[in-house]
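Q: The sequence and its predicted three-dimensional model are supplied below.
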Amino acid sequence: MRVLNQKNKIGNFKSSAINLRQLFLLGVTALLLCGLNATGASAQAKNVYITPDGGGSGICTTGTQAPAWFNNGANWGSGANQIGPGTIVHLCGTFNAPAGADSFLQFQAGGTSGNPITLLWEAGTIVQSPYFSNVHGGIDLNGNSWITLDGGTNGTVQNTANGTGLANQNPSVLIGGLGSNITIKNLSAINVYVHNNGDANGGGTYALYARGSSNLTVGPNNTFTQCDVCVYYVFDGGETNLAITGNSFSSANQDIELGPANTGNKVMTGIRVDHNTATNWVNWDDVGDDYHHNFFHPFTNTSGSSIVGTLQIYDNTLSGNMGVHATSMIFLENNNSGAGGTMGTWYVFNNTFNKTNANVPTSSGMVAVMPANGFLLNNTFLDAGGSGDNAYVSFHAYANASGWTLKDNVFQGGAYMVYDEAGNPIADRNVYYNSASNTPWILGTNFIGSLSAWQAACGCDPGSVTTNPLLNPDFTIGTGSSAASLGANLTSLNITSLDSDRLGVARPATGAWSSGANQLNSAASAQPPSPPTGLTAIVN
C-alpha cells in the first residue's frame with residue numbers, strides 16, 4: 001500500500017506536471033496571440049491615406065480619408081485605425097486650400113523616440129493655397145514633437161497667388177508650429193511671396209517658422225524659393241541642436257535667419273549650417289531699403305541672449321546677384337549698437353562666396369559684428385568687384401570680432417578683401433589676388449596697399465601670397481595654382497568635416513593642404529547641383 005500510495009503520488013505528480021505544462025503552453029499561446037493581435041493592430045495603423053476629397057488618388061486607394069479626418073483629434077491615438085507613433089500618413093493628389101487658410105493640415109499629437117509620425121508626400125502631391133495664413137501656417141505641427149515631414153520624390157507646399165502684381169500681398173507661413181525632434185526633408189516649400197524689385201510688401205513671409213524647437217533638422221533635399229525669410233528660427237532659451245543641411249535656396253531676401261525672442265535671458269546651443277546652395281537675392285531690392293539680404297543671419301539682439309556650443313558653417317555654395325541692399329552672404333550680428341548679447345566661437349570653413357554683380361556696394365562674403373576669436377578657414381571668395389562707392393569688403397570683422405583666425409583662404413577680386421577693425425587678426429597661408437582697389441586691406445582705420453605692408457602692420461600672414469590661384473568656374477583649382485600646396489595642415493584643430501574639402505575629397509593627413517574650399521584635383525563632378533532659378537507661382 002505504501003508502494004501503491006507512492007506510485008499514486010508519482011502518478012499524481014506526473015498528472016500535475018502535465019497540467020502545469022499545458023497551462024504554460026496555453027499561456028504562451030495566449031501571449032503570442034495577444035502579441036499577434038497587437039502587431040496586427042499596429043500594422044493597421046502603420047499607414048493612413050489622405051486625399052483632397054477622401055476618395056481614391058494615386059497610391060491612396062484603400063481606406064482613404066479627407067483632411068478633416070486628419071485634423072480631428074478623435075482619429076489620433078493608439079487604436080488600430082488611429083494615427084500614432086510610427087504611423088506614416090500618405091498624402092496623395094493636389095490639395096487646394098482656400099485663401100488665408102490656417103492650419104489646413106494640423107497635427108493632433110506627436111510620435112516618440114524611434115517612432116516618429118511621418119507625413120509623406122506621394123509622387124506629384126501638392127498642398128497649396130493662394131496664400132496660407134501667417135498665424136499657424138498651412139501645415140501646422142501644433143507644437144508636437146517627433147515628427148518627420150518628407151516630400152518624397154517631388155512633394156510641394158506653396159502659395160499660388162501671393163506676391164508682386166498677384167492677387168494677394170499678405171504675410172504667410174507655409175509650415176509652422178514646430179515642436180522638438182523634427183525632421184523636414186525632400187520637400188519644395190516655394191513661392192511664399194513672389195517678389196519683384198521695387199515692391200515694399202512681402203515682409204513676414206516664411207516657408208518655415210520654428211520657435212522653441214530643439215533637435216530640428218531641416219534637410220536634406222529641401223528647396224526653398226521666394227520668401228522674406230525661408231527658414232526663420234526663434235529661440236526662447238534652452239534650445240539645442242539646429243541643423244540646416246543639404247538644401248537649395250533661391251530668390252529670397254534672407255535664406256536663414258535666427259535670433260532670440262524679444263526679452264529675457266535666452267541661450268541657444270549648437271548650430272550647424274552645411275552643404276546648402278543659395279543664389280540670387282536681387283529681386284528683394286526696393287526703394288525704401290526695407291530688406292537687407294543674407295544667406296545666413298544669426299543675431300543676439302538682447303542683452304540676455306547668447307548663442308553657444310558647437311557653431312559651424314561649412315561646405316555651402318553661395319553665388320549670384322546680391323542686389324543693392326545686401327549685407328553679406330553670412331552676417332554674424334549683435335545689433336542694438338553693440339548692446340546685445342553674446343556668441344560663442346564660430347567655425348566657418350569650406351564655403352564658396354561668389355558675388356556676381358559689380359554694380360552695388362555689398363559685401364561678397366561675410367560680416368562678423370561679433371564674436372571674438374572665430375575661425376575663417378579654407379574658404380574661397382570671388383567678388384566681381386566694384387570701385388569707388390561700390391567697393392565693399394569680402395571679410396569684415398568689427399571691433400567686437402577681434403582675434404579672428406584667417407587661414408588657408410582664397411580671396412579673388414573685390415575691392416577690400418579683409419577689413420579688420422580690431423587690428424589683431426591671426427592670419428596665414430591665404431591667397432589675395434586681383435583686388436579691384438589699390439588698398440586690398442584695412443587694419444583699424446589704415447588702408448594698406450601691399451602684402452608686405454599688411455604683414456608688417458598686422459604681424460600676420462607670413463606665408464600668404466598675391467599670385468593667381470587659377471580658379472576654375474566651379475572653384476576647383478588646377479596644377480600651377482598658387483593655392484595648390486600653400487595651405488597649412490589644420491588636422492590639429494580636430495574638426496572632422498574640415499579634414500575633407502567642400503566636395504568631400506579628403507585632405508592630406510600629413511603635409512600641406514591646398515588653400516581655398518577645394519583641395520587640388522578635387523573632382524568637379526562631385527559638386528552639388530546648382531539651385532533652381534526663376535521659379536514663379538504655379539496655379540493648379
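A: Structure's in. What do you need? Everything numeric in this text was worked out from a predicted model, so none of it was measured.
Q: contacts, neighbours, all on C-alpha from now
A: Will do.
Q: okay, now the domains of this structure?
A: 1-44, 47-206 (automatic domain parsing).
Q: closest one to Tyr416 among the ones you listed?
A: Comparing the domains of the chain against Tyr416 with Cα to Cα, the closest turns out to be domain 47-206 (27.6 Å).
Q: tell me how far the ends of the closest one are from each other?
A: The first and last residues of domain 47-206 sit 30 Å apart, counting by Cα to Cα, to the nearest Å.
Q: average model confidence for it?
A: For domain 47-206, mean pLDDT rounds to 97.
Q: same check, this time on stretch 440-455
A: Mean pLDDT, stretch 440-455: 96.
Q: okay, now Gly55: neighbour count?
A: By other Cα atoms under 10 Å, the residues close to Gly55 number 16.
Q: pretty sure it contacts Gln65?
A: Yes: assessed by Cα atoms under 8 Å, Gly55 is found in contact with Gln65 at 7.1 Å.
Q: Quick one: residues contacting Glu239.
A: Residues near Glu239 by Cα atoms under 8 Å, 6 or more residues apart in numbering: Gly212, Ser213, Ser214, Val267, Met268, Thr269.
Q: how close does it sit to Ser214?
A: For Glu239, the distance to Ser214 equals 5 Å [Cα to Cα].
Q: For the two, list the residues in contact with both.
A: Contact criterion Cα under 8 Å, 6+ apart; residues shared by Glu239 and Ser214: none found.
Q: Need the residues that contact stretch 468-480.
A: 352, 380, 410, 431, 433-434, 481-484, 517-524, 527.
Q: Indicate which one of the domains of the chain is closest to Val393.
A: Of all the domains of the chain, it is domain 47-206 that lies closest to Val393, at 24.2 Å by Cα to Cα.
Q: Please state the offset of that closest one from the chain centre?
A: Put simply, domain 47-206 sits 19 Å off its chain's centre (Cα atoms, centre = their mean, to the nearest Å).
Q: you'd agree Pro260 is up against Ser303?
A: No: taking contacts as Cα under 8 Å, Pro260 lies outside contact range of Ser303: 10.4 Å.
Q: These two: who's more crowded?
A: Shown here are Pro260 and Ser303; by other Cα under 10 Å, Pro260 has more neighbours (27 against 17).
Q: State the phi and psi torsions of that one.
A: Dihedral pair for Pro260: phi -80, psi 160, per degrees, to the nearest 10.
Q: again, but for Trp454
A: With angles defined as degrees, to the nearest 10, Trp454 sits at phi -60, psi -50.
Q: quick one: it from Ile147, how far?
A: 53 Å.
Q: Equivalent analysis for His136, please.
A: Here the criterion is Cα to Cα. By it, His136 lies 16 Å from Ile147.
Q: same thing with Asp286?
A: Using Cα to Cα, Asp286 is found at 38 Å from Ile147.
Q: Who has more neighbours out of these two?
A: Ranked by neighbour count (other Cα under 10 Å), Asp286 and Ile147 place Ile147 first, with 28 against 20.
Q: ok, which stretches of the chain are helices?
A: Taking DSSP state H as the test, the helices found in the chain are 2-44, 67-70, 451-458.
Q: residues of the second one that come out buried?
A: Buried residues in helix 67-70, defined by neighbour count with 16 or more other Cα atoms under 10 Å: Pro67, Phe70.
Q: other SSEs contacting it?
A: Packed against helix 67-70, as judged by 3 or more Cα pairs under 8 Å, 6 or more residues apart in numbering; DSSP states H and E, are the following elements: strand 105-106.
Q: Residues contacting the strand it packs on, please?
A: Here strand 105-106 makes contact (Cα under 8 Å, 6+ apart) with Pro67, Phe70, Asn71, Gly138, Ile139, Asp140, Leu141, Asn142.
Q: That one pairs with which strands, parallel or anti?
A: strand 139-140 (parallel) (DSSP bridges).
Q: what sits up against the partner strand?
A: By Cα under 8 Å, 6+ apart, the residues outside strand 139-140 that reach it are Ser103, Phe104, Leu105, Gln106, Phe107, Leu174, Ile175, Gly176, Gly177, Leu178.
Q: what's the answer for stretch 51-64, then?
A: Defining contact as Cα under 8 Å, 6+ apart, one finds that stretch 51-64 is touched by 48-50, 65-67, 90-96, 122.
Q: If we use 6 Å, what do you get?
A: Tyr49, Ile50, Gln65, Ala66, Cys92, Phe95 (Cα atoms under 6 Å, 6 or more residues apart in numbering).
Q: Please report the number of neighbouring residues for the closest residue in space to the fourth one that isn't next to it in sequence.
A: Take Ala66 and drop its neighbours on the chain: the residue closest to it by Cα to Cα, 6 or more residues apart in numbering is Gly54, 4.0 Å away. Using other Cα under 10 Å, Gly54 has 19 neighbouring residues.
Q: From Leu119, how far off is Gly54?
A: Gly54 is 16 Å from Leu119, by Cα to Cα.
Q: Quick one: the strands in the stretch 51-200 of the chain, in order.
A: In the stretch 51-200 of the chain, the strands defined using DSSP state E, counting those that start in this stretch lie at 64-65, 88-91, 94-96, 105-106, 117-121, 126-129, 139-140, 147-159, 172-176, 182-190.
Q: which one of those lies closest to Gln254?
A: Comparing those under Cα to Cα, the one sitting nearest is strand 182-190, at 13.8 Å.
Q: Tell me the neighbouring strands of that closest one, and mark each as parallel or antiparallel.
A: Strand pairing for strand 182-190, using DSSP bridges, gives strand 147-159 (parallel), strand 216-218 (parallel), strand 223-225 (parallel).
Q: do you know which of these lies nearest Cys460?
A: With Cα to Cα, the closest approach to Cys460 among these belongs to strand 216-218: 38.6 Å.
Q: Redo the strands paired with strand 182-190 as CSV? Include distance to Tyr398.
A: Below are the strands paired with strand 182-190 laid out as CSV (distance: least, Cα to Cα, whole Å):
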stretch, distance to Tyr398
strand 147-159, 39
strand 216-218, 30
strand 223-225, 31
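Q: Could you give the bridge partners of the residue nearest the centre of the chain?
A: Residue closest to the mean C-alpha point of the chain, counted by Cα atoms, centre = their mean, is Ile244 at 2.1 Å. On the basis of DSSP bridges, Ile244 takes part in beta bridges with Val218, Val273.
Q: Can you report how many residues lie near Asn472?
A: Counted with other Cα under 10 Å, residues neighbouring Asn472 total 10.
Q: Could you say which of the strands of the stretch 51-200 of the chain is packed most deeply?
A: Of the strands of the stretch 51-200 of the chain, the one with the most neighbours on average (mean count of other Cα atoms under 10 Å) is strand 172-176, at a mean of 29.
Q: and it with strand 182-190, angle?
A: Counting by axes from the mean of the first three to the mean of the last three Cα atoms, to 10 degrees, strand 172-176 lies at 150 degrees to strand 182-190.
Q: circling back: in terms of mean pLDDT, which of the helices of the chain ranks lowest?
A: Here the lowest mean pLDDT among these goes to helix 2-44, at a mean of 36.
Q: just checking, His293 touches Ala326?
A: Yes: using Cα atoms under 6 Å, His293 is in contact with Ala326, at 4.2 Å.
Q: out of those two, which sits in the busier spot?
A: Using other Cα under 10 Å as the criterion, His293 and Ala326 rank with His293 on top: 30 against 25.
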